[in-house]
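Asker: All I have is the shape, not the residue letters:
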Ligand code: AMP
């Protein structure tokens, strides 16, 4: 049983790396952002609650986020473990999480703000199936169309300069202290997130290796 958290700024590749790791280790990938986007797309009551907050790049209230995480993990479909993506994002969420779950490690995808901006403004999402594309790393063919389902590729509503500024500010002010908290517990492995996913070998936690704050990406291969 492995229980991991993956953290990193917007555009650092949390979704992509979580999916690779989940496929590799049979983990359930839990992304609060994906759950919210699913609800927004389907015009549910929760979708209506979070849509404007997400588009502005702001954080959704802790009560709602915590209930989404608790309800999803209460399915107990994670026989081999889970990887939680994009949660916790502030200290109260971290404390809430640690009260209910032991975690085996935190993967921190490290990326400078200048690179985040370049990536996020070149990110597109399939309006039909939700796959993410980064136009810097790969060009779908034909352009503007999803390779998997031929759906239209559109920017995410929160991938704008304005929303990005809010998200980066929140990340540095609210999420960085969570990383410090996890570092003190020696949970964190920091990985350089700048190389493209096909260049960076899949992140693979090695259960035999004790995680430490200064461990390099190699620990995970
Ligand atoms: P993400 O896909 O992780 O970038 O999340 C997209 C958006 O969903 C964020 O900008 C927030 O508006 C909301 N969200 C996702 N996770 C959280 C969280 N842990 N706390 C608060 N809001 C969140």
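Answerer: Done, it's in. Since the model is a prediction, treat every value here as computed from it, not as a measurement. Residues are numbered from 1 along each chain as shown.

Asker: low-scoring stretches of this protein, by residue?
Answerer: Low-confidence segments of the chain (pLDDT under 70): 196-221.

Asker: Would you mind listing what in it touches the ligand?
Answerer: Residues of the chain lying close to the ligand (C-beta under 6 Å from any ligand atom) are 10, 32-33, 36, 53-54, 57-60, 65, 86-89, 93, 158, 167. C-beta here means a position set from N, CA and C on the backbone, and glycine is covered the same way.

Asker: And those residues, which of them are buried?
Answerer: Among the residues of the chain next to the ligand, those buried by neighbour count (16 or more other C-beta atoms under 10 Å) are 10, 32-33, 36, 54, 57, 59-60, 65, 86-89, 93, 158, 167.

Asker: quick one: which of those is nearest to residue 114?
Answerer: For these, the closest approach to residue 114 (C-beta to C-beta) belongs to residue 10, at 13.3 Å.

Asker: Identify the residues contacting the spatially closest residue to the closest one that is not a sequence neighbour.
Answerer: Among residues not flanking residue 10 along the chain, residue 167 sits closest, at 5.0 Å (C-beta to C-beta, 6 or more residues apart in numbering). Listed by C-beta atoms under 8 Å, 6 or more residues apart in numbering, the contact partners of residue 167 are 9-10, 57, 158.

Asker: need the residues you listed in JSON lines with secondary structure, can you?
Answerer: Putting the contacts of residue 167 into JSON lines (DSSP: H, G, I helix; E, B strand; the rest coil) gives the following:
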{"residue": "9", "secondary structure": "coil"}
{"residue": "10", "secondary structure": "coil"}
{"residue": "57", "secondary structure": "coil"}
{"residue": "158", "secondary structure": "coil"}
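
Asker: all helices of the protein, in order?
Answerer: Assigned by DSSP state H, the helices in the chain fall at 14-25, 32-41, 45-55, 62-73, 91-100, 113-120, 161-170, 176-184.

Asker: quick check: angle from the third one to helix 161-170?
Answerer: What it means is helix 45-55. Between the axes of helix 45-55 and helix 161-170, defined by axes from the mean of the first three to the mean of the last three C-alpha atoms, to 10 degrees, the angle is 90 degrees.

Asker: and if you look at the fourth one?
Answerer: With the same axes, to 10 degrees applied, the angle from helix 62-73 to helix 161-170 works out at 90 degrees.

Asker: burial measure for the residue lying closest to residue 78 once chain neighbours are set aside, as a count.
Answerer: Ranked by C-beta to C-beta, 6+ apart and with sequence neighbours excluded, the top spatial neighbour of residue 78 is residue 28, at 4.1 Å. Around residue 28 there are 17 other residues, counting by other C-beta atoms under 10 Å.

Asker: dump the residue contacts of residue 28.
Answerer: Counted by C-beta under 8 Å, 6+ apart, residue 28 has contacts 22, 77-78, 81-83.

Asker: Going by distance to residue 144, which of the residues you listed wins?
Answerer: Looking across the contacts of residue 28 and measuring by C-beta to C-beta, the closest to residue 144 is residue 22, at 28.5 Å.

Asker: ok, that closest one to residue 134 distance?
Answerer: Separation of residue 22 from residue 134 (C-beta to C-beta, to the nearest Å): 19 Å.

Asker: And for residue 83?
Answerer: From residue 83 to residue 134 the distance is 20 Å (C-beta to C-beta).

Asker: Check which residues of stretch 119-128 are buried.
Answerer: For stretch 119-128, burial by neighbour count (16+ other C-beta under 10 Å) applies to 119-120, 123-126.

Asker: Fine by me, thanks again.
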